[in-house]
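A.B. asks: 3D, please:
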Amino acid sequence: MAELPSLLLASLQPDSRKQAEQSLQSLSVQPGFLPHLLTLVLQSTQDRAVRLAGSVYLKNVVKSRWEDDEPPIADADRAGLREALVPAMIQLSNASDKAIRAQIAETISLVAKSDFPERWPDLVDKLVVSLSESNYEVNVGVLETAHSIFRPWRAEARSDALFTEINYVLSRFTTPFLSLFLHTTTLLFAQPPPPNLAQVAQATVFLVEIYYDLTCQDLPPGIEDSHAQFFGAQDGLFLRLLLWDPPQLRGDPDDTTPSLPSQIKTRILEIVELFVKLYPETLQTSGTVEAFVRAIWDLVGGGKRPGVADDGLVSQSLRFIAAAIRIGYYKDLFGSKETISGLVQGVVVPNVALREHELEQFEDDPLEYIRLDLALPSMGGIGLSHDAVTRRQAAADVLRALVSSGLEAETTEVTGAWIGQGLAEYNADRAQNWRAKDTAIYLLTAVATRGSTTQHGVTSTNALIDVVQFFSDHVFGDLQAEEGSIHPILQVDAIRFLYTFRNQLVKPQLLSVLPSLVRHLSSDNYVCYTYAAISIERILFIRQGTQLMFTQADVQDVAPGLLNALLSKVEKAPSAEKMAENDYLMKCAMRVIVTARSTFANGYEQILQRLVAILGVISKNPSNPNFDQYIFESISALMRFVVQANPSTLPRFEQALFGPFTIIIQQDIDQYIPYVFQILAQMLDLHTGEVPAEYRSLLPFLLTPASWQQKGSIPGLVKLLEAFLSHDAKSMVAAGQLTQVLGVIQQRLIPSKINDGWGFELLEAVVRYTPWDALKQYFRGLIVTLLTRMQTSKTDKYVYHFVYFLGFCLAINVDGLTPDYIIGEVDAIQPGLWSQLLANFIIPQAPKSPPKERKVVIVGLTRLLTQSALMLQDARVQAWPPTFQALAKLFQTEQLLTKKEELDPDAGLTQIDYEEQTAGYQAAYSRLAAAEAAPADPVAHVKDLKAFVGQELAQASARDRRVKAWVAQTDASVTEPFVQALAASGFNL
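C.D. replies: This is a model prediction of the structure:
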């Protein structure tokens, strides 16, 4: 492992990255690797770049392999790492190690998520012992570690397991935590302040974060007992901290990073907002909320704190006010017209007006401006954190809170006056006063909105405002204006107004403005053309009921020009990174292709060439996972609809794509390989005759262990192998490739907790398509593999897949694969094993089958009950009544029996919203909706499910008199309605 530092450095260089990562991957499976890597990270004499790269690599290995057994991390390494992580955090307490410490904190969080408290019972005790009344350098490291462990609770669903963990922590942590919190604030407020004031303040930031963590799910008794100390309306700690503003910790006015006091105040207001929402009764008698509202007024009212560094604090202050309004308990505080007028004038209008910072961002960082202005998820789809909500959005939310709390008349009147004033100022001097109109439009948008979602825009409006009238009077002219004739921000405002209120316009109105939006795609202003693309994409996604509003017929005339404009903008980018940065353009292009369907059957070749050329450029340096998703989705959708309209076009797609795809595979561009496998599977599935040689030549490569190493490739590989099996299983058997496929299933997929579901999917394809004579010899070995995994590391997900697989084998129509064959093979492994599987897994799990799988399980259970001689012999007979009862229960919940077939085979694709699916490349598998055909029904031979079940059971009853007696042994409340329903259809048991 001596070469580890040089490999970590090499992994940072583009030209040596791939080779270094492969070497690191080989090293990482050696025993002792993780503790050795952590030791390297802690060596202060080591190159800082090596230490930081090592800390990131450590976190990534833990992230990808700690909970998965493939490849396994040795127990000794796990124990060694658990032992070393907390001391490592303390060792990294120095401010210069902050970036490395953040990676180790995340590593601890990942390990704790899996192992705490069962396999790491002393974790909290170690943290508590390390806390100090004097050494705040150590305290910062300990508290950051604690926060990294507790923070995930904020997003967890309530469960017994979660509360067991929280209570375990509280019993050990609450008392020392509260004691340290009180001691720390005593130091903060001391006069003169301590020399290490900044460190004490940093510890306070974490203490306040942890206070939120500990109360985010329920109010612990220890914290409830100290409530007055923290929340008191006169001298509670939180109010004192809100007013605390030491001059030596104030940042520079031009800073963009919040000062420590600003961070503390923001987090306190998050806590108070949490309590207003979850524990309102604790605040209602003490005057606390009123005291906080007054403090906020002093803190941010009248446009105080205009600096960027205080954006988080101002936004959170406004969010707290909006939350307090929405509760409804404080009507007396907010309900008078004077108060509303004061709120609008004092905190809403000053924070809605554009600042120089936003104007600079509009020019210099347009993508960030767009993301923040529309509150869109950032790249990687991680969603918005509180910090990312702008002042404007928070101020607008105060108006929305007033409108939705029964105060719309007063709020509309007060805000309307400001809107009128802004429009009048603009009309008096349009060149100078454009900001006044921008503010007016933003205020109108806020006060007109009652309910909205990011996905669908405004869903309900303030009845006192005619949005469409305002659009035609004040906005439509700006939408139509020539570029350069008005300020670009007003043009952007017009497009955003349309985007926001798209659901309030009827289809003819939307169709009439579509040409204006298409025209704006040719704008030279980055924000303007991007907003146009975002708006067109969302308009094309509007639904009426379950149907999309816009059909192929609506867009076929405009689609070619629209797609050309979008691709032209993408193609103009000067570099691979610039080309891929604006995923909104590519998303809109994809939506146009999906909506236009077979419109592009004429002229598709040029579109395909352009998409492939763009792919060629961005593949030199993949940098934006969203853009990649949308370009592959576009290629896949174009092929889907064009080949559907004209099957003879498939070879042209293959000619265009095989070359680039081969390069991607040869150069191992791992971000793209998952997409390539899915599109190859899609092309192969579109073949109706023999499989072309070009595909067959891929198979040896697909079955090498190296192809299965990248986890993100696995779903695409499974889809591709399924396509090969469905078209060409006989040739695969002849070439000896079946054993390789089974090796992948048994050694790579089924043992993995992450990939076992894909293992079952591939196994089902093997059972369904492989000639039975070739597969029969391996069947018992496969069952042994499945049972071994069940014994060693059973999970709920695994049990569900295992039961469905058995139901699948019982149900499908394969000569030789009968219920008796399956029972015989299972009982040959161990006598009586089938009865155990039935009693412990199949009977309890089968009624819980999800809707899409119920038909298969119903057919499987019916065949087991009616077509198996072995089920009627020996001790297995005892399982017949409970199996029948499970069938009855499943049949009762089956809602799909009378459902009409989906008329549109592409409904699944066009209804999907492609909001960002992954948190970056490591999440690794991004499903291509366009590449997925409607799932084939494995029991398509059963046309009428009710008739099949009824007929089989009636015939079994006629053959064997015991059936009636067995039915009588079941719970009549479950089985009687089922028996009666069958009798009503003419099937008597």
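A.B. asks: so, low pLDDT: which residues of the stretch 451-600 of the chain?
C.D. replies: The stretch 451-600 of the chain contains residues with pLDDT under 70 at 454.
A.B. asks: show me where it has strands.
C.D. replies: Here the stretch 451-600 of the chain has its strands, by DSSP state E, counting those that start in this stretch, at 457-461, 543-544, 547-548.
A.B. asks: tell me which of those is the most buried.
C.D. replies: Highest mean neighbour count of those: strand 457-461, a mean of 17 (counted as mean count of other C-beta atoms under 10 Å). Yep, even glycine has a C-beta here, placed from its N, CA and C like the rest.
A.B. asks: contacts for that strand?
C.D. replies: Under the contact criterion C-beta atoms under 8 Å, 6 or more residues apart in numbering, strand 457-461 has outside partners 448-453, 467, 499-504, 538.
A.B. asks: any chance of these in a markdown table, with neighbour count and distance to residue 222 too?
C.D. replies: Below are the contacts of strand 457-461 laid out as a markdown table (neighbours: other C-beta atoms under 10 Å; distance: C-beta to C-beta, whole Å):
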| residue | neighbour count | distance to residue 222 |
| --- | --- | --- |
| 448 | 25 | 46 |
| 449 | 24 | 41 |
| 450 | 15 | 41 |
| 451 | 11 | 39 |
| 452 | 18 | 40 |
| 453 | 8 | 38 |
| 467 | 19 | 50 |
| 499 | 20 | 48 |
| 500 | 21 | 46 |
| 501 | 21 | 49 |
| 502 | 20 | 50 |
| 503 | 19 | 48 |
| 504 | 17 | 50 |
| 538 | 23 | 48 |
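A.B. asks: related to what we said a few turns ago, now the strands of the stretch 451-600 of the chain in a markdown table, with distance to residue 358?
C.D. replies: Converted to a markdown table, the strands of the stretch 451-600 of the chain look like this (distance: least, C-beta to C-beta, whole Å):
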| stretch | distance to residue 358 |
| --- | --- |
| strand 457-461 | 22 |
| strand 543-544 | 33 |
| strand 547-548 | 35 |
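A.B. asks: what's the closest of the ones you listed to residue 735?
C.D. replies: Closest to residue 735 of the strands of the stretch 451-600 of the chain, according to C-beta to C-beta: strand 547-548, at 44.8 Å.
A.B. asks: what's near enough to touch residue 399?
C.D. replies: So residue 399 contacts 344, 348, 411, 415, 443, 446, 447 (C-beta under 8 Å, 6+ apart).
A.B. asks: can we see that at 7 Å?
C.D. replies: Counting by C-beta atoms under 7 Å, 6 or more residues apart in numbering, residue 399 touches 348, 411, 415, 446, 447.
A.B. asks: next structured bit after the lowest-mean-pLDDT helix or strand in the chain?
C.D. replies: Least confident helix or strand of the chain, by mean pLDDT, DSSP states H and E, is helix 907-910 with a mean of 57. Sequence-wise, the next helix or strand downstream of helix 907-910 (DSSP states H and E) is helix 945-959.
A.B. asks: by contact count, what packs against that following helix?
C.D. replies: Judged by 3 or more C-beta pairs under 7 Å, 6 or more residues apart in numbering; DSSP states H and E, helix 945-959 is in contact with helix 851-866, helix 962-968.
A.B. asks: so which of the contacts of strand 457-461 comes closest to residue 737?
C.D. replies: Of these, the one sitting nearest to residue 737 (C-beta to C-beta) turns out to be residue 538, at 46.2 Å.
A.B. asks: dump the residue contacts of the closest one.
C.D. replies: 457, 499, 502.
A.B. asks: let's have the contacts of strand 457-461 in TSV, adding distance to residue 737.
C.D. replies: Converted to TSV, the contacts of strand 457-461 look like this (distance: C-beta to C-beta, whole Å):
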residue	distance to residue 737
448	63
449	59
450	60
451	56
452	54
453	48
467	62
499	52
500	55
501	57
502	52
503	53
504	58
538	46
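A.B. asks: out of the residues you listed, which two sit at the greatest distance?
C.D. replies: Farthest apart among the contacts of strand 457-461 - using C-beta to C-beta - are 450 and 538, which lie 19.1 Å from each other.
A.B. asks: residue 758 belongs to a helix, doesn't it?
C.D. replies: Yes. Assessed by DSSP: H, G, I helix; E, B strand; the rest coil, residue 758 belongs to a helix.
A.B. asks: wait, it sits on residue 715?
C.D. replies: Yes. Taking C-beta atoms under 7 Å as the definition, residue 758 is a contact partner of residue 715 at 5.8 Å.
A.B. asks: more crowded one of the two?
C.D. replies: Each of residue 758 and residue 715 has its neighbours counted (other C-beta atoms under 10 Å); residue 758 has more, 24 against 20.
A.B. asks: what's the closest non-adjacent residue to that one?
C.D. replies: In space, and not counting its chain neighbours, residue 758 is closest to residue 718: 4.6 Å by C-beta to C-beta, 6 or more residues apart in numbering.
A.B. asks: tell me the buried residues in the helix or strand hosting residue 614?
C.D. replies: Using DSSP H and E, residue 614 falls within helix 604-618. Neighbour-count burial for helix 604-618 flags 604, 607, 608, 610, 611, 612, 614, 615, 617, 618 (criterion: 16 or more other C-beta atoms under 10 Å).
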